[in-house]
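Undergrad: Sharing a model prediction with you, sequence too.
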Amino acid sequence: MKNLIVLIFSSLCLVALHGQSKPISDEQWITIVDHTNAIVTKSYIEKLKLNEKESLDYSDNLKVRLNKSSLNYPLPFDSLEILLKQEFKKTLEKVSFKINETKSKEKDLDTLFNSIGIILKDVKEEKLIDSEPLSILHKDIDRFINPKVDENVEKNANVTAKIEVIPTRGKSIFTLSNAVIVFLLALLIIFIIRSINKGKKIRELEALRKEERNVNKTYSLEIPKLNNEISSLRKEITRLKNELKKVKYNSNDNFNSSPPSSYSENETENIKEWDTSIPKPVLTSFYAGKSNPNRIFVKTTQEILDQETIFKFTYIDSTKTSAEFEVVLVNDFMMRQIINSPDDFLYRVCNNANSNQDFQRTIITERKGIARLVNGEWVVSESDKALIKFQ
């Protein structure tokens, strides 16, 4: 990783040195701007729809002079101005004059072509910035500024793609060198971030290992203590078992006499153990919802069901075949159901002492009803109905 970072840094330095250009002198800058002005003006005029007089003047006079312009012998702006004033005043004002003003700006190709892009956009000819004449112009200017550029590099660049990307609509110009620098910088940043993350993960792993060692150390110290405590607990359990046996043998309720405090193995095996299991509770009541029209409770439950239970039953004989029942209001939901439909929920197995219209807050069972178990179902006879009252 370290070697890779050094390699990338060295490449950046080499690319930066290779991409450095010789400062542009004032004389070179004027030459560049004048020649650029001639090329852009020519390209712009050729995109216009010329009348007969303008076309004749351009072909016979202006075009010839513009074609003769070069970086070695550029067409001066003063001459260009005189030529344009005759038939192309608008082109002079909107394009050529504004390009000439870039002489006073920073001596930089990016600045120059950015300005040209803005000028062409204003006259709705921004596509010219990507045209072939301007692409050739950009390469010519590069050779003009750096005449000693390696010819092999130039040939390779021409075969694969343009070295420069001409800006469109005011975008910046990027050379191949700049693109390589950006790419290598991005790689360097990615590797640095990955190295930082890797270092962070290593530190976290080391912290986890340290914590694990501390935990293991703690466990190793605690295990002997736990073993001692377990041994003590086992002794205590054994002591309690012996005491429990003594208590069993000393009970007068189940034995006529108490055996001695110590026993042999054979004697201990023959001693009858007490049943210490807790007996199940005896069920004395159960619950049911509404009966069917024949006054039969088809379904009963051992517990209250929030949306079903209406009656509570209590056994009244040892055979559990008869039971008293009364109304229980489980919750507000069931209370509303019962009050709204007493015929369905109550009156099948209950007589009413008053109307359900008298209900205010509760229902009391003034006389409990009686149900009898017949063929596994609880049945209420007409005479055994409960008596209820709404309050």
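TA: Thanks, I have it.
Undergrad: Scan this protein for its longest helix.
TA: helix 176-249 (DSSP state H).
Undergrad: Give me the average confidence score over it.
TA: Per-residue pLDDT values over helix 176-249 give a mean of 85.
Undergrad: tell me what it is packed against?
TA: Other elements packing on helix 176-249 under the criterion 3 or more CB pairs under 8 Å, 6 or more residues apart in numbering; DSSP states H and E are helix 2-19. No exception for glycine: its C-beta is placed from N, CA and C like everyone else's.
Undergrad: Following the chain past the helix it packs on, name the next helix or strand.
TA: helix 26-47 (DSSP states H and E).
Undergrad: contacting residues around that following helix?
TA: 24, 58, 62-63, 66-67, 69-71, 74-77, 80, 84, 88, 91, 95-96, 99-100, 102-103, 107, 112, 116, 120, 123, 125, 128, 131, 133-134, 137, 141, 144-145 (CB atoms under 8 Å, 6 or more residues apart in numbering).
Undergrad: Toward the C-terminus, what is the element adjacent to it?
TA: Downstream of helix 26-47, the first helix or strand assigned by DSSP H and E is helix 52-57.
Undergrad: Who are the packing partners of that next one?
TA: If you count contacts as 3+ CB pairs under 8 Å, 6+ apart, helix 52-57 packs onto helix 77-87.
Undergrad: how many other residues sit next to Leu75?
TA: 21 (other CB atoms under 10 Å).
Undergrad: Touching, it and Val64? I think so.
TA: No. With contact defined as CB atoms under 8 Å, Leu75 does not count as touching Val64 (10.8 Å).
Undergrad: Flag the helix or strand of this protein with the lowest per-element mean pLDDT.
TA: For the chain, counting by mean pLDDT, DSSP states H and E, helix 265-270 ranks last in confidence among helices and strands (a mean of 50).
Undergrad: I'd like the average pLDDT over the helix or strand just after it.
TA: As assigned by DSSP H and E, the chain's next helix or strand after helix 265-270 is strand 285-288. Mean per-residue pLDDT for strand 285-288: 96.
Undergrad: which is the next helix or strand following strand 285-288?
TA: strand 296-297.
Undergrad: packing partners for that next one?
TA: So strand 296-297, by 3+ CB pairs under 8 Å, 6+ apart, packs with strand 377-379.
Undergrad: What strands line up against the strand it packs on, and which way round?
TA: strand 296-297 (antiparallel), strand 369-374 (antiparallel) (DSSP bridges).
Undergrad: Relative to Ile316, which of those is closest?
TA: Nearest to Ile316, of all the strands paired with strand 377-379, is strand 369-374, at 7.5 Å by CB to CB.
Undergrad: Now that closest one: buried residues?
TA: Neighbour-count burial for strand 369-374 flags Gly369, Ile370, Ala371 (criterion: 16 or more other CB atoms under 10 Å).
Undergrad: nearest to Tyr347, of those?
TA: The closest of the buried residues of strand 369-374, once distances to Tyr347 are taken by CB to CB, is Gly369, at 11.9 Å.
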